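# This is a predicted model, with the sequence first.
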Amino acid sequence: MSAIKHMVVFSLHSGKNNEEAELFLQTSKDELAAIPGVEQFEVFRQVSPKADFDYGFSMVFEDGQAYERYNNHPVHVQYVQERWMKQVSRFQEIDLILHQK
């Protein structure tokens, strides 16, 4: 089975480049990267004026089962309910596997 790259781009209710946004990014990284199965967790800041989102997260999972365990992990579920749903104003996520011919 192929590895999955999970990416999400988003904007915050608090705006960007402020103390509240920095706290959100750091807390998110600390909580989500510690969940078993998460590999290569990265935090991004948007620099293109063509993009509609301010930040991004990227992480890799060994396979679909590891990704499902992450989605259902109590830390992730609590994070979504208590942090993500309250602080993120809009987002788009994408899950990719490597295209092989």
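Received, thanks.
# what ranges do the strands span in this structure?
4-12, 39-45, 55-61, 88-97 (DSSP state E).
# Quick check, pLDDT for the residue most central in space within the chain.
In the chain, the centroid-proximal residue (CA atoms, centre = their mean) is Phe57; its distance is 3.8 Å. Per-residue pLDDT puts Phe57 at 98.
# dump the residue contacts of it.
Met7, Val8, Phe10, Ser28, Leu32, Phe41, Glu42, Val43, Phe44 (CB atoms under 8 Å, 6 or more residues apart in numbering). C-betas here are computed from N, CA, C, even on glycine.
# How about Pro36?
Arg69, Tyr70, His73.
# before we move on, what about Ile97?
By CB under 8 Å, 6+ apart, the contact set of Ile97 is Ser2, Ala3, Ile4, Lys5.
# Write down the beta-bridge partners of the residue nearest to the first one when sequence neighbours are not counted, one by one.
Using CB to CB, 6 or more residues apart in numbering and skipping residues adjacent in sequence, the residue nearest Ser2 is Ile97, 4.1 Å away. Beta-bridge pairing of Ile97, defined through DSSP bridges, involves Ile4.
# picking up where we left off before, any of the contacts of Phe57 buried? List them.
Among the contacts of Phe57, the ones that count as buried by 16 or more other CB atoms under 10 Å are Met7, Val8, Phe10, Ser28, Leu32, Phe41.
# Fine by me, thanks again.
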